[in-house]
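J.: give me a 3D structure for the following:
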Amino acid sequence: MTSYAHPDVLVDTEWVLAHHKDPKVRVAEVDYDPSANYEQGHVPDAVLFDWRKDINDPLARDILSQQALTELFRRSGIDDDTTVVLYGDFNNWFAAFAFWVFAYYGAKHIKILNGGRKKWIAEDKPLSKEIPKPPAGHFTAAAPNPKLRAYMDDVRTSLPAVKAGKFILVDVRGPKEFSGEITAPPEYPTEHAQRGGHIPGAKNIPWAQAVNEDGTFKSREQLEELYGSKGVPSGTPVITYCRIGERSSHTWFVLTYLLGYPNVRNYDGSWTEWGNLIRTPIEKP
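T.: Residues are numbered from 1 along each chain as shown. Predicted structure coming up:
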């Protein structure tokens, strides 16, 4: 089996079990709803990153700022050389989003627990309700890397190249969201956009096709077959999107770190931005 392009970004449950007390390792659970997950029991010594409160701006529709990330990491006991292991629910949707945000701000020692919370619990690994209080860290976030993030105007200006086959948009939502039959995923049925459909020319490759039943990532060979068969070659620029950017972060991670694609950006505005704007073009079957 061919190894991933960057195998060091993944760790398994046994690695976390052996290293969660290491002073140079900080495990963090990233949750959309901490009351249903982290507060019910988490990896021992894991800190909580509340996706809505910690990874997003409290007022604007935006990710947290460079300064806010510096403060989050410092109060979580993270230094510039600390290894940060992220995991969460929904097969690491929000952990992947956090990974993308942290990479955007220059964090260099970030990993994902392969299989996430689902696999940890399935293997009956220990859980704790104790809230860790690590000593303050000394991490400093870097200026954002524009090569990792796409905005609405980037997507809009790419549409002619998409039509010409020189640029690829990957819509990672489910088929019914892509077709416009529904405007929100089953997990969040009340969070709608005004219109259903997809960005013109986008290819629909649902994020879940990249993972196994236990939540772990499929092999490199399987992933290469998946994206190759859908017309997503390595050399073509790619923008991923979903509804709010969390599932597309998961696919961004797969393409960038597991397959080594050199030019992939995540459009975190995604369908909640595109589908709500006046005179923004959409497609439906």
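J.: which parts of this protein are strands?
T.: Per DSSP state E, the chain carries strands over the ranges 10-11, 25-31, 47-50, 83-88, 110-113, 149-150, 168-171, 203-204, 238-241, 264-267.
J.: need those in CSV (columns: distance to F99).
T.: For glycine as for every other residue, the C-beta is placed from the backbone atoms N, C-alpha and C. Converted to CSV, these look like this (distance: least, C-beta to C-beta, whole Å):
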stretch, distance to F99
strand 10-11, 11
strand 25-31, 9
strand 47-50, 11
strand 83-88, 6
strand 110-113, 5
strand 149-150, 13
strand 168-171, 18
strand 203-204, 23
strand 238-241, 13
strand 264-267, 10
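J.: closest to Q66 out of those strands?
T.: Evaluated over the strands of the chain, closeness to Q66 peaks at strand 149-150, with 12.9 Å, by C-beta to C-beta.
J.: sorry, back to before: export the strands of the chain as JSON lines, with columns for mean neighbour count.
T.: Formatted as JSON lines, the strands of the chain follow (neighbours: other C-beta atoms under 10 Å):
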{"stretch": "strand 10-11", "mean neighbour count": "20"}
{"stretch": "strand 25-31", "mean neighbour count": "25"}
{"stretch": "strand 47-50", "mean neighbour count": "21"}
{"stretch": "strand 83-88", "mean neighbour count": "24"}
{"stretch": "strand 110-113", "mean neighbour count": "23"}
{"stretch": "strand 149-150", "mean neighbour count": "23"}
{"stretch": "strand 168-171", "mean neighbour count": "26"}
{"stretch": "strand 203-204", "mean neighbour count": "16"}
{"stretch": "strand 238-241", "mean neighbour count": "28"}
{"stretch": "strand 264-267", "mean neighbour count": "27"}
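J.: let me see the contact set for the closest residue to R247 other than its chain neighbours.
T.: Leaving aside its chain neighbours, R247 sits nearest to W207 (4.4 Å; criterion: C-beta to C-beta, 6 or more residues apart in numbering). Residues in contact with W207 (C-beta atoms under 8 Å, 6 or more residues apart in numbering) are 93, 172, 242, 247-248, 250-251.
J.: save those as JSON lines, and put in pLDDT and distance to W15 too.
T.: What follows is the contacts of W207, written out as JSON lines (pLDDT from 0 to 100; distance: C-beta to C-beta, whole Å):
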{"residue": "W93", "pLDDT": "95", "distance to W15": "21"}
{"residue": "V172", "pLDDT": "98", "distance to W15": "27"}
{"residue": "C242", "pLDDT": "97", "distance to W15": "29"}
{"residue": "R247", "pLDDT": "97", "distance to W15": "25"}
{"residue": "S248", "pLDDT": "98", "distance to W15": "27"}
{"residue": "H250", "pLDDT": "98", "distance to W15": "20"}
{"residue": "T251", "pLDDT": "98", "distance to W15": "24"}
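J.: tell me the one of the residues you listed nearest A107?
T.: Of all the contacts of W207, A107 sits closest to H250, with 17.7 Å by C-beta to C-beta.
J.: okay, now the closest residue to the closest one other than its chain neighbours: neighbour count?
T.: Once flanking residues are discounted, H250 sits nearest to A96: 4.1 Å by C-beta to C-beta, 6+ apart. Other residues within reach of A96, judged by other C-beta atoms under 10 Å, total 29.
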